[in-house]
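J.: Got a predicted structure plus its sequence, pasted below:
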Amino acid sequence: MFEKVRTRFAPSPTGYMHIGNLRTALYAFLLARKNNGDFILRIEDTDCERKVEGAQDVIYSSLKKAGISWDEGPDVGGDFGPYIQSERMHIFKSYALKLVEAGKAYRCFCSKERLERIKSLQKADKKPAKYDGHCKALSSEQVAQRLSEGASFVIRQKMPQIGVTEFCDEVFGRVSVKNSELEDQILIKSDGMPTYNFANVIDDHLMKISHVVRGSEYLSSAPKYNLLYEAFSWDVPKYIHCSPVMKNAKEKLSKRHGDETFEDLLNIGYLPQAVVNYIALLGWSPKGEREIFSLKELEEVFDVAGICKSPAIFDIKKLAAINSKYIRNMTDNEFLENAKPYIDSSVKSSVDINFLVQMLKNRTENFKDLPSQLDFIDTLPEYSADLFINKKMKTTKESSLEVLKKLVLVLKNVKDFGFDSLHSVVFKFIDSLGVKNGVVLWPLRVAVSGKQFTPGGGLELACLLGQNKTVERLEIAIEKLA
RNA sequence: GGCCUGUUAGUCAAGAGGUUAAGACGUCGCCCUUUCACGGCGGAAACGCGGGUUCAAUUCCCGCACAGGUCACCA
C-alpha cells in the first residue's frame, strides 16, 4: 500500500489556467498538505499540436499566484522525474511489452480502414462501437510473420469478457461497469508512443501517486485504468473525481467560449486569494458555516468528504462578495498599497489619503472600480438635475434648491472643515429646518459629486473635497436647479 | 443509441427515515444622528415527476423526465 499521500496535478500546457483545472489542482494540493503528503506537478505536453510557447511558465506563475506550491516538478526536480511527459516517452513501451509477454496485451495489426469498417457497421446496427478482438487470436507464428514483414501495429490490452469491474470513488462511491462494455484499449500507438490513458497509469504508478484527483469526465474510464493496475499487480490509487465547473446548467466554463480563466479574473481585479477561496467552495463545503478561509486554513479544514457530486455553476457575484470581504479584512496599509495605483490614476488633486482609505475600505468590492468611482474628485461630471429627485428621501428639485441655497451660506462660514465639525454644523442646520436628514444630505451628496452612487456620504465627500470646492459645487447645483 | 453519473430556493450549498429543511450570494422590504453601493433587522424563495418499502420518505428501492460525461492510434 501507499506509505504516503502523494497527489499530482497534471495539466497540459495550454497557455492559461482554466478555473476547473485550478480547482482540481487546489483539491489535490489541499489533500496532500492536509495529510503531510507530497504534491507533484507533472506537465502533460505530449499533444504536439496544442503546444503553446511559454505555456509552462503560465502554469508555474498561475499556481504561484494562487499560493499553490509543489514539492516535485519540472522546475524543482524530485526523485521520480522527469516530470515532463514528453521526456518520459522511452519508459512506456517496455511496460506494454511486459503485458504482452504475460498474455495480458497483444499486438494488433488491423488497418485503420478495417477498424473504420467495423465501426460503421456497428453504428448502423446501433451497437456501441468496439474493437472486435480480431488480432487477439493471432498465434505467435503469425505475429512473428507480420513483424518480420515490417507491418505496423498497436498494442492493445486484453479486457476480460465477463464479470464486472468496480471501484469505490471517494466522491461518487461505488461505480461499476460490465467488462463486456470495455474495449481492448490501445496502450501503444503505431508510432510507438503511448496513449494518454496508458502513460497516465504508468506515470502515476511510477510517481507513487496515492490519490488521483481529476475531473469526472474520467469517471467512466476509471475501470479501464483499474484493469491496467491489476494487470501489473500494482496498487490502485484512490480516486477523487470532481464534477465540472459550469457557466450555466448546460455548458462547462470554457476559455474557448470566452469564459474567464484564472488570469482573466485576476486581470479584472479579483484577488488571487479570493478566487482560490471561492473556487474551493464551488463543489466543496466545509463543516461549519464559515466561508472565508485563507489557503493555510483550507489546508487544515479540507476534507474529501465535503466534495459535492453535482456540477456547480460559477457565480461571479459570489466571487465579488468574497473579494470585498478580503478587501475589508485588509489593514489600512494593505488596502492603501493595493488601492494606490487605482486612486492615483484618477485622482490628481491632493486629498487626505487616510480619510479616503477609511471611506473606501468597507465599500470597495474590487479595486478596479475605484477610478470610475473617484473621478468626480478632480472634475465634477456633467449630471442631470433629476438626480436631486429621490422619492424615499422626499426630495425634489424644488426642495433641493431651497435647501442648498441655505446650506451654501452655512458652509461658507464654517471655520473648521474637518469631519466632526462639519458634522455638527450640518446636523444643527438640519435640526433648525426640522426636516429628515436625507432632505439635506441627499442633495448635498449629489451636488458635491454629480453622481448617483458615491463611495461615501455627502458629509464625507464635502470634507474630502474641502471648503472651496464644496461651496463652488453647491453654487453650480443651485444654478442648475434655479 | 449503449454505458456511467447527477437532480435541495435564481446561484453555491448543509442536512436527516419523524427538523420550523441550516448558512452564504443575489433579490425584496424596513431601520440608520453619516444620505446612495457601507452597516443592522426582517421577508419571499427549494427537496424534478410517478410508483413502491415504512406507522412515517425529500432522505431507502424501482421506473420516468431532465442534465452532464463517456464510447478515438486526443489529451
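T.: Okay, I see it. Numbering: from 1, shown residues only, chains lettered A, B, ... in the order given.

J.: Going by C-alpha atoms from here, please, whenever you check contacts or count neighbours.
T.: OK.

J.: So the host helix or strand of residue A:7, near RNA strand B or not?
T.: If you go by DSSP states H and E, residue A:7 is part of strand A:6-9. No - on the criterion C-alpha under 7 Å from any atom of the strand, strand A:6-9 is out of touch with RNA strand B, staying 12.2 Å away.

J.: Pull the distance from the following helix or strand past that strand to the chain's centre.
T.: Remark: after strand A:6-9, the chain's next helix or strand is helix A:19-34, criterion DSSP H and E. Here helix A:19-34 is found 11 Å from its chain centre; the criterion is C-alpha atoms, centre = their mean, to the nearest Å.

J.: do the helix or strand following helix A:19-34 and RNA strand B meet?
T.: Next along the chain after helix A:19-34, taking DSSP H and E as the criterion, comes strand A:38-41. No - Strand A:38-41 does not reach RNA strand B (C-alpha under 7 Å from any atom of the strand); its nearest approach is 14.0 Å.

J.: could I have strand A:38-41 exported to PDB, CA atoms only?
T.: Taking C-alpha atoms only, strand A:38-41 is exported to PDB below (Å, rounded to 0.1, in the frame of the first residue of the first chain):
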ATOM      1  CA  ASP A  38       3.600  15.500  -1.400                       C
ATOM      2  CA  PHE A  39       2.100  17.400  -4.200                       C
ATOM      3  CA  ILE A  40       3.600  16.800  -7.600                       C
ATOM      4  CA  LEU A  41       3.400  18.900 -10.700                       C
END
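
J.: who's in contact with it?
T.: By C-alpha atoms under 8 Å, 6 or more residues apart in numbering, the residues outside strand A:38-41 that reach it are A:4-10, A:28-29, A:32-33, A:69-74, A:83.

J.: Could you give me the ChimeraX selection string for whichever of those residues are buried?
T.: Here is the ChimeraX selection string for the buried members of the contacts of strand A:38-41, based on 16 or more other C-alpha atoms under 10 Å:
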select /A:5,6,7,8,9,10,28,29,32,33,69,70,72,73,74,83
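
J.: before we move on, the earlier item: now do the strand holding residue A:7, average pLDDT.
T.: Mean per-residue pLDDT for strand A:6-9: 97.

J.: Just list what that strand packs against, helices and strands only.
T.: Contacts defined by 3 or more C-alpha pairs under 8 Å, 6 or more residues apart in numbering; DSSP states H and E place strand A:6-9 against helix A:19-34, strand A:38-41, strand A:211-215.

J.: got the contact list for that strand?
T.: Contacts for strand A:6-9 (C-alpha under 8 Å, 6+ apart): A:24-25, A:28-29, A:31-32, A:37-42, A:208-213.

J.: Stretch A:300-312 now?
T.: The contact list for stretch A:300-312 (C-alpha under 8 Å, 6+ apart) reads A:30-31, A:33-34, A:170-172, A:240, A:242-246, A:282-287.

J.: Which positions in the stretch 101-250 of chain A make contact with RNA strand B?
T.: A:109-112, A:126-130, A:153-154, A:172-178, A:181, A:186, A:189-191, A:194-197, A:216-221, A:244, A:249-250.

J.: 6 Å instead?
T.: A:110-112, A:126-130, A:154, A:172, A:175-177, A:186, A:189-191, A:195-197, A:216-221, A:249-250 (C-alpha under 6 Å from any atom of the strand).

J.: Could you identify the buried members of those residues?
T.: Taking 16+ other C-alpha under 10 Å as the criterion, what is buried in these is A:110, A:129, A:130, A:154, A:172, A:177, A:186, A:190, A:196, A:197, A:216, A:219.

J.: May I ask which of the residues you listed comes out lowest in pLDDT?
T.: Least confident of these in the model: residue A:129, at 77.

J.: and that one, which of the three is it?
T.: Following DSSP: H, G, I helix; E, B strand; the rest coil, residue A:129 is assigned to coil.

J.: quick one: contacts for it?
T.: Applying C-alpha under 8 Å, 6+ apart to residue A:129 gives the contacts A:118, A:119, A:120, A:122, A:123.

J.: Please work out the average pLDDT along the helix or strand that contains the fourth one.
T.: In this case it means residue A:122. Here residue A:122 sits within helix A:112-124, counting by DSSP H and E. In this model, helix A:112-124 carries a mean pLDDT of 84.

J.: Skip ahead from it and say which helix or strand is next.
T.: Using DSSP H and E, the next helix or strand after helix A:112-124 towards the C-terminus is helix A:140-148.

J.: Give me the buried positions along that following helix.
T.: Those buried within helix A:140-148 under the rule 16+ other C-alpha under 10 Å are residue A:143.

J.: Can you tell me what sits against it?
T.: Contacts of helix A:140-148 with the rest of the structure, by C-alpha under 8 Å, 6+ apart, involve A:107, A:109.
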